[in-house]
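**Student:** Here is my input; please provide its structure:
(one chain, ligands or ions: 1)
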Amino acid sequence: MPEPANAAQPWWHHAVIYQVYPRSFADGNGDGMGDLPGVTSRLEHLSALGVDAVWLSPFYKSPQADAGYDVEDYREVDGLFGTLDDFDVLLAKAHGLGLKVIVDLVPNHTSDRHEWFQEALRSAPGSAARERYMFRPGKDAVPGSGDGDLPPNDWKSVFGGPAWTRTADADGAPGEWYLHLFAAAQPDLNWHNNEVRAEFEDIMRFWLDRGVDGFRIDVAHGLIKADGLPDWSEAVVAMVQGGMKRRRSSAEKAKAEEPAGPPYFDQDGVHEIYRSWNTLVSAYDGDRVLVAEAWVAPEERLARYIRQDEMQQAFNFGFLMAGWDAGRLATSIRKTLTAVASVGRPSTWVLSNHDAVRHPSRFGLTDPTKFPRGISSREEQPNEALGLARARAAIMVMMALPGSAYIYQGEELGLPEHTALAARYRQDPTFFRTNGLEPGRDGCRVPLPWAKDEASFGFSHGNAGPAAPWLPQPSKFGRYAADQQAGVEHSTLELYRALISERKELGLGDGTLHWSRSYSAKDGILAFETRAPGGRSVLVIANMSEAPVDLPKGYRVLLRSQAAAVSHGRVKANRAVWLVKAE
Ligand code: GLC
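**Tutor:** Presented below is the predicted three-dimensional model:
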């Protein structure tokens with residue numbers, strides 16, 4: 001008998017974690033908006049999938065200027081999603097099913113309706129209330145020589161447009177400006193302020209005391225800004241959150257210890273905050289976790305967020321952005337494993353989330369390494385079948401990698417992006433702040449299809465409706481509905497179930513990766529073996545080339561990305577297999 005897999009390591013070393021985006025997972029009261037009772041009613045889907053934990057995107061009281069990432073009250077559930085009691089019911093049921101629950105913490109900014117920001121607006125420049133945020137006079141507000149009409153610096157919002165908005169003084173005269181790295185309704189907090197620090201520690205205790213298993217830290221790389229808020233005129237390589245560093249020259253690579261990006265991201269001062277949070281969270285029982293959402297490069301910089309006295313995990317966006325490309329994926333995997341080993345932590349892997357175009361759609365573009373900020377009907381439309389074939393092969397790679405794997409709701413159904421969402425439905429502030437230049441993230445946030453023949457594909461239940469889902473579902477979602485796939489051999493859902501179950505059974509999450517010498521990423525073949533602590537292993541071959549590739553001798557196929565992935569002893573293009581030694 002192999003050793004019981006994974007017994008030695010805490011759960012988050014090898015966990016599969018499922019991201020629930022509450023607006024779009026399941027609607028329990030029929031008002032067209034997903035909610036916490038909806039999530040609770042569908043938790044069996046997650047336990048049947050075999051995941052270990054759920055991460056819930058924000059459900060806190062919020063005016064929803066950025067789909068809940070603008071928090072008005074960090075200790076209250078928004079009426080859209082239910083009540084605190086509903087949260088407690090969800091948590092208890094999840095724990096009963098053996099699922100951990102991670103919640104989102106949004107510390108970089110509050111909503112502009114947060115009582116602190118309202119107080120700051122009512123208070124005078126220089127007051128304690130303003131000190132909690134980033135208020136500054138205009139650049140030209142020099143007595144006698146200017147009236148402060150120019151913003152304090154040239155920073156741009158990640159969502160487009162300026163990162164500063166001017167306020168009015170009590171007498172109506174134009175006053176100070178405040179910083180918002182995101183929408184104007186999301187004023188940045190001042191993390192040099194002790195009241196801010198104390199408040200967030202208290203908020204964390206509030207949720208830890210309720211029993212949550214950890215926090216995903218939103219914009220973890222943004223809390224501290226460089227002293228003096230220097231201008232930043234260089235273009236950032238266009239990435240989802242604009243937060244990845246610009247590419248380094250080789251001279252710059254030599255000094256990778258220094259941040260090379262914008263002065264508002266990845267400043268060294270953030271780490272002190274995470275050290276204090278580590279202490280706070282570690283005082284609780286049960287291996288609770290802190291997960292960094294930090295769009296930071298290169299990998300060594302990201303690894304600093306998961307040093308032993310900081311967070312446990314960081315999202316691996318380098319992997320998410322590598323696209324369908326053997327060379328880029330191999331490089332990302334190699335660099336990731338080296339970087340995390342240097343801090344003695346496991347890695348995470350992720351292909352999709354609520355900020356990125358769903359990977360079956362990205363992989364169906366002419367350039368499958370492209371990373372668009374949304375897709376609209378005016379742009380190239382992905383090849384759906386090709387994208388799905390590649391997505392299924394990519395998940396075979398991801399589920400075999402050592403570390404923890406994050407999946408985004410709906411990817412287990414192979415769900416594509418909504419790539420033709422009409423402008424009138426768009427809600428992402430990115431769309432508005434770029435005057436429609438960037439379609440934004442709504443296309444990956446469309447409500448899930450559960451049942452093909454029901455209204456809203458089974459998304460909405462309950463008495464308030466039936467209202468239309470908050471974003472319209474494309475008709476093709478019916479084909480992807482969970483009820484069309486459950487129990488159906490070779491469906492995407494059954495592939496995910498099989499991969500998660502084998503991964504767990506074999507203990508791959510705690511394994512070590514060994515590159516195959518028989519295949520080369522240069523030829524478009526990603527091939528590696530993951531050896532689990534119990535002595536079992538799988539050889540993964542993902543064919544990212546355009547031609548079939550021979551299987552090695554002496555192995556049998558354990559899992560395949562599609563029913564017909566293998567023919568005549570060869571793995572077809574855009575397909576992948578898990579192999580084990582033939583007995
Ligand atoms: C994070 C969230 C994103 C949000 C932004 C501002 O990147 O994932 O959805 O818009 O932070 O809070």
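**Student:** And for Arg424, the neighbour number?
**Tutor:** 5 (other CB atoms under 10 Å). For every residue, glycine as well, the C-beta is placed using N, CA and C.
**Student:** hang on, I meant Leu551
**Tutor:** 18.
**Student:** again with Leu579
**Tutor:** 23.
**Student:** so how far is the ligand from the residue nearest the centre of the chain?
**Tutor:** Centroid-nearest residue in the chain: Asn353, 4.4 Å away (criterion: CA atoms, centre = their mean). Taking CB to the nearest ligand atom, to the nearest Å as the measure, Asn353 falls 7 Å from the ligand.
**Student:** got it, and Asp209?
**Tutor:** When Asp209 is compared with the ligand (using CB to the nearest ligand atom), they lie 25 Å apart.
**Student:** tell me which element that residue is part of?
**Tutor:** Assigning secondary structure by DSSP states H and E places Asp209 in helix 194-210.
**Student:** What strands line up against the next helix or strand after that helix, and which way round?
**Tutor:** Using DSSP H and E, the helix or strand that follows helix 194-210 in sequence is strand 214-217. Here strand 214-217 is paired, per DSSP bridges, with strand 100-105 (parallel), strand 289-292 (parallel).
**Student:** Pull out the buried positions in strand 214-217.
**Tutor:** For strand 214-217, burial by neighbour count (16 or more other CB atoms under 10 Å) applies to Gly214, Phe215, Arg216, Ile217.
**Student:** List phi and psi for the nearest residue to Ser47 once chain neighbours are set aside.
**Tutor:** Excluding the flanking residues, the one nearest Ser47 by CB to CB, 6 or more residues apart in numbering is Leu97, at 4.4 Å. Torsion angles at Leu97 (phi, psi; degrees, to the nearest 10) stand at phi -90, psi 0.
**Student:** Equivalent analysis for Gly175, please.
**Tutor:** Per-residue torsions, Gly175: phi -120, psi -140 (degrees, to the nearest 10).
**Student:** got a list of what it touches?
**Tutor:** Taking CB atoms under 8 Å, 6 or more residues apart in numbering, we find Gly175 in contact with Pro125, Gly148, Arg166, Thr167, Ala168, Asp169.
**Student:** One more: Asp140?
**Tutor:** Gly146, Asp147, Gly148, Asp149, Leu150.
**Student:** quick one on the thing from earlier: flag every buried residue along the helix holding Asp209.
**Tutor:** Those would be Val196, Arg197, Glu199, Phe200, Ile203, Met204, Trp207, Leu208, for helix 194-210 by 16+ other CB under 10 Å.
**Student:** lowest-confidence helix or strand of this structure?
**Tutor:** Each helix and strand of the chain was given a mean pLDDT (mean pLDDT, DSSP states H and E); the minimum falls on helix 250-254 at a mean of 46.
**Student:** Following the chain onward from that one, which element is next?
**Tutor:** With DSSP H and E, the next secondary element past helix 250-254 is helix 270-282.
**Student:** How about that next one, which residues are buried there?
**Tutor:** Neighbour-count burial for helix 270-282 [16+ other CB under 10 Å]: Val270, His271, Ile273, Tyr274, Trp277, Asn278, Leu280, Val281.
**Student:** got it, and stretch 170-182?
**Tutor:** Buried residues in stretch 170-182 (16+ other CB under 10 Å): Gly175, Glu176, Trp177, Tyr178, Leu179, His180, Leu181, Phe182.
**Student:** picking that back up, so which of the strands paired with strand 214-217 is nearest Met311?
**Tutor:** Of all the strands paired with strand 214-217, strand 289-292 sits nearest to Met311, with 3.9 Å by CB to CB.
**Student:** which residues are contacting the closest one?
**Tutor:** For strand 289-292, using CB under 8 Å, 6+ apart, the contacting residues are 12, 55, 102, 213-217, 220-221, 274, 277-278, 281, 302, 305-306, 310-315, 348.
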